[in-house]
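Student: Fold the following.
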Amino acid sequence: MKRLFMLFCVVILALGVVVMPTFAQDEAPSGVFYGTWPYVLPPDHNFNGFASNGPNTNLGAIFRAYVELPAAIYNWGTQTFEGLLAESWGFSDDGTYYEITLKSDAMWSNGDPVTSQDVIDTYALGRIMGWSQFNYISDVVAVDDHTVQFVFSGEPSFVAERLLLKEYIVSHATYGELAAQALELIASGATKDAEEWTALNAAISEFRPDEIIASGPYIYTMDDVGDAFMTLHWQANSIYSDDVNFGSLQLWAGETEATTPLVLSGELGHSTNVYPAATIESIQAEGIRLIDIARGYGPALLFNFADENAPWNITEVRQAMAHAINRDQNAFLTNGIGARATVYMAGLLDDNVPQMVNQDVIDQLNLYPNDLAVADELMATAGYTRNADGKWADADGNLISVEYTFPAEFADFAGAAQDAIAQLNDFGFDITPRALPWAEAAAAIRNGDFSLSVWSWASGSPFAATQFFGPIRRFNTALPEDQPGISFPMQFEWNGEEIDLDNMIIHASDGLDVEVQRERAGEVALIINTLMPFIPLNVERSIEPLNENLVAGFPTEDTWLANPTGSDHPIIWYLLNGVISPGPGAA
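Tutor: Numbers count the residues shown, from 1 in each chain. This next block holds a predicted model:
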């Protein structure tokens, strides 16, 4: 080897050419990015991307992309995808499959190349875990070392495209053995009802890798997870390692209450937490820039339809509640200037309704104005009358006396819930608030251990099917069988025929014909608007502090700023591509 190198040098010198070979950067850039995320502590904290308390919980939609890359990210301003792991992507000419080709130089932190086998393994485990991608695809086939085809089970779909391009790819080195079992089980023809399928699902959930292998430019170990903050360290092997300008990402633990003093003291570079109006004014007074972008969701009042002690199965009661709540007031108490009252009440974000459904559907929507007289009429129709104390009682004198659980740390959801409770109690209900740690509040919804609760509705997605997903499918049919969630029945008679609302939502955005998608979305929107299976209280904006003493280069005008917070947050693109860098005050 030395003789070959010497010969190379002699040839170069003889030619009189100076050639400087290029190497990947082998030293971490300077500077620290100071962010925040409500991760969980060990021993609950784990590295399994398919398990509870794994990367989705501990890194979230923003920070996981810096560790385990998806194929692409969507630019809402240009309405196009930009590749991350993917070099190219697209539908086949005949619409039977979707093809993704990975960048040939993509590499894992352990030195292995990122290949089609990693994609095959990721989706084999995802199939066992019941991923929604398999509502659209029937098979995943490796064409070569870097190209994978996703075979459609029905119509080609833009929704499927987004799901496929946005999925985080995990390493064969970590999950290969489990994936081999999954592929063998799938090849055997077994279905999700088989005991072997259930057993493998449990094995995947219980798997605890000793380390996380990263395709992104950052990595961490369990020793990096502390009580106050966790630290992601730069690693040299990612295709983005030469582009990023931060040597480490320090994520302070907690939600709004924990991060507010850090923002005001100038110790936090960027936060997606929700801050009340008074705090936002204080942040502005400190001269800290505020970024205003869409959140793509808002708080919804959720019903537990399995609660036999409450009348949530009566449509008129739910409709009355929608009329009884002043949504403008609720929006202000949710997030001040960062929230807007829901207008259309159709399970779709208001800004997207004119693009996603036809005008004749919009004209039929009940906008549920704040009208107590109409609410009174609906309660009377449901068989309720006011007692001497002004409380609604049924024919047996039973009051509507329930608990309303909400996540204590989420300032927006807590504010929305407490205002809804106060308004409904003024209307004649008897609701008791119950604050829970956010993880417990979410678990209570999944487990059906609540009567009323609050969580997000819609999503930051350009497709109706995905916006309809939360919460009516997310906390219902998309849950494992042992988690009843809201227990809303999805098969029922509608306009004289039996329908499957779950299936209608899943396929609302199928195909490539936008007009057909609008018709399907309109049908679902009218059903949700009429039945009110949840009450979409308001839509939030993300008013995010950005301390430019710690983070420099964040644009003021750019197509990426049309992106909502979440897995398309513009800061993902900005950080990976070196648009932002440490500010003058960063360590």
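Student: In PDB, list the C-alpha atoms belonging to the helix or strand Y574 falls within.
Tutor: Element membership for Y574 (DSSP states H and E) is helix 570-576. Once non-C-alpha atoms are left out, helix 570-576 reads as follows in PDB (Å, rounded to 0.1, in the frame of the first residue of the first chain):
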ATOM      1  CA  PRO A 570     -38.100  24.600   8.800                       C
ATOM      2  CA  ILE A 571     -35.300  24.400  11.400                       C
ATOM      3  CA  ILE A 572     -34.700  20.800  10.500                       C
ATOM      4  CA  TRP A 573     -33.700  21.800   7.000                       C
ATOM      5  CA  TYR A 574     -31.900  24.900   8.200                       C
ATOM      6  CA  LEU A 575     -29.700  23.000  10.700                       C
ATOM      7  CA  LEU A 576     -28.900  20.000   8.500                       C
END
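Student: Give me the residues contacting that helix.
Tutor: Applying C-beta atoms under 8 Å, 6 or more residues apart in numbering, the external contacts of helix 570-576 come out as 33, 62, 65-66, 73, 75, 82, 84, 216-217, 240, 243-244, 246, 270, 293, 553-555, 558, 560-561, 563, 579-580. (Glycine included, C-beta is placed from N, CA and C.)
Student: Check stretch 301-315 too.
Tutor: By C-beta under 8 Å, 6+ apart, stretch 301-315 touches 317-318, 321, 325, 382-384, 394, 400-402, 417, 420, 445, 448, 450-455, 471, 475, 484, 486-489, 530-535, 537.
Student: filter the residues you listed to the buried ones?
Tutor: 317-318, 321, 325, 382, 384, 400, 402, 417, 420, 445, 448, 450-455, 471, 475, 484, 486, 488, 530-535, 537 (16 or more other C-beta atoms under 10 Å).
Student: Among those residues, which ones are in strands?
Tutor: 402, 452-455, 534-535 (DSSP state E).
Student: List the residues that contact the residue nearest to W234 when sequence neighbours are not counted.
Tutor: Among residues not flanking W234 along the chain, A28 sits closest, at 4.0 Å (C-beta to C-beta, 6 or more residues apart in numbering). Contact analysis of A28 by C-beta under 8 Å, 6+ apart lists 233-234, 247-248.
Student: Now render these as a markdown table, adding pLDDT and neighbour count.
Tutor: Below are the contacts of A28 laid out as a markdown table (pLDDT from 0 to 100; neighbours: other C-beta atoms under 10 Å):
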| residue | pLDDT | neighbour count |
| --- | --- | --- |
| H233 | 98 | 15 |
| W234 | 98 | 19 |
| G247 | 97 | 18 |
| S248 | 98 | 20 |
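Student: what's the most distant pair in the residues you listed?
Tutor: H233 and G247 (7.7 Å; C-beta to C-beta).
Student: Could you list the low-confidence segments of the stretch 1-150 of the chain?
Tutor: Where the stretch 1-150 of the chain drops to pLDDT under 70, the residues are 1-25.
Student: Please, where are all the helices along it?
Tutor: Ranges of helices in the stretch 1-150 of the chain, per DSSP state H, counting those that start in this stretch, are 2-15, 55-58, 60-63, 116-128.
Student: ok, L183 touching Y123?
Tutor: No: with contact defined as C-beta atoms under 8 Å, L183 does not count as touching Y123 (9.8 Å).
Student: How about the secondary structure of I291?
Tutor: Using DSSP: H, G, I helix; E, B strand; the rest coil, the three-state assignment for I291 comes out as strand.
Student: Please determine how far it is located from F246.
Tutor: With distances taken as C-beta to C-beta, to the nearest Å, I291 is found 18 Å from F246.
Student: and what of A160?
Tutor: Taking C-beta to C-beta, one finds A160 at 34 Å from F246.
Student: swap in Q467?
Tutor: Distance from Q467 to F246, by C-beta to C-beta: 33 Å.
Student: Next: T279.
Tutor: On the measure of C-beta to C-beta, T279 and F246 end up 26 Å apart.
Student: do S271 as well
Tutor: 16 Å.
Student: Three-state assignment for L178, please.
Tutor: The assignment at L178 comes out as helix when based on three-state DSSP.
Student: which residue sits closest to I543, ignoring its sequence neighbours?
Tutor: That would be G338: by C-beta to C-beta, 6+ apart, it lies 4.2 Å from I543.
Student: Now for the one you found, how many residues are close by?
Tutor: 24 (other C-beta atoms under 10 Å).
Student: same check, this time on D144
Tutor: With other C-beta under 10 Å as criterion, D144 counts 9.
Student: Might you report the residue contacts of it?
Tutor: With contact taken as C-beta under 8 Å, 6+ apart, D144 is in contact with S116.
Student: any idea how far it lies from T96?
Tutor: For D144 relative to T96 (C-beta to C-beta), the value is 19 Å.
Student: do G496 as well
Tutor: G496 is 36 Å from T96, where distance means C-beta to C-beta.
Student: Next up, phi/psi of the nearest residue to V274 once chain neighbours are set aside, please.
Tutor: Nearest residue to V274, sequence neighbours excluded (C-beta to C-beta, 6+ apart): D412, at 4.0 Å. Per-residue torsions, D412: phi -70, psi -50 (degrees, to the nearest 10).
Student: burial count for D412?
Tutor: For D412, the count of nearby residues is 27 (other C-beta under 10 Å).
Student: All further residue positions should be reported with the first residue as 56.
Tutor: Sounds good: first residue 56 from here, last item D467.
Student: hang on, isn't it packed against A355?
Tutor: No: using C-beta under 8 Å, D467 is not in contact with A355; the gap is 11.9 Å.
Student: Spell out which residues sit in contact with the residue nearest to A396 when sequence neighbours are not counted, please.
Tutor: Spatially, and ignoring its direct neighbours in sequence, A396 is nearest to R382 (3.7 Å; C-beta to C-beta, 6+ apart). Applying C-beta under 8 Å, 6+ apart to R382 gives the contacts 396-397, 425, 592-593.
Student: Need the buried ones from those selected in ChimeraX.
Tutor: Buried residues within those, by 16+ other C-beta under 10 Å, are selected in ChimeraX with:
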select :396,397,425,592,593
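Student: Could you single out the nearest of the contacts of R382 to M162?
Tutor: Using C-beta to C-beta, these come closest to M162 at N593, 44.3 Å.
Student: what about the closest residue to the closest one other than its chain neighbours, neighbour count?
Tutor: Setting aside the residues directly before and after it, N593 is nearest to A386 in space (C-beta to C-beta, 6+ apart), at 3.8 Å. Residues within reach of A386, counting by other C-beta under 10 Å, total 25.
Student: Repeat that for A448.
Tutor: Residues near A448, counting by other C-beta under 10 Å, number 18.
Student: Help me confirm that it comes into contact with L454.
Tutor: Yes: here A448 reaches L454: they are 5.5 Å apart, a contact under C-beta under 8 Å.
Student: what is in contact with those two at once?
Tutor: Counting by C-beta under 8 Å, 6+ apart, the contacts common to A448 and L454 are N442.
Student: Dihedrals phi and psi, F461?
Tutor: Dihedral angles (degrees, to the nearest 10) for F461: phi -150, psi 160.
Student: give the contact list for it.
Tutor: So F461 contacts 468-469, 471-473, 488-491, 496, 508-509 (C-beta under 8 Å, 6+ apart).
Student: likewise P272?
Tutor: 121, 289-290, 293, 295-296, 298-299, 631.
Student: ok, now S514?
Tutor: Here S514 is in contact with 351-352, 521-522, 524-525, 621 (C-beta under 8 Å, 6+ apart).
Student: which residues in the stretch 456-605 of the chain form helices?
Tutor: Under DSSP H, counting those that start in this stretch, the stretch 456-605 of the chain gives helices at 466-482, 493-501, 519-524, 556-561, 569-586.
Student: Which one, of these, ends up nearest to M184?
Tutor: Here helix 493-501 is closest among those (C-beta to C-beta), at 15.2 Å.
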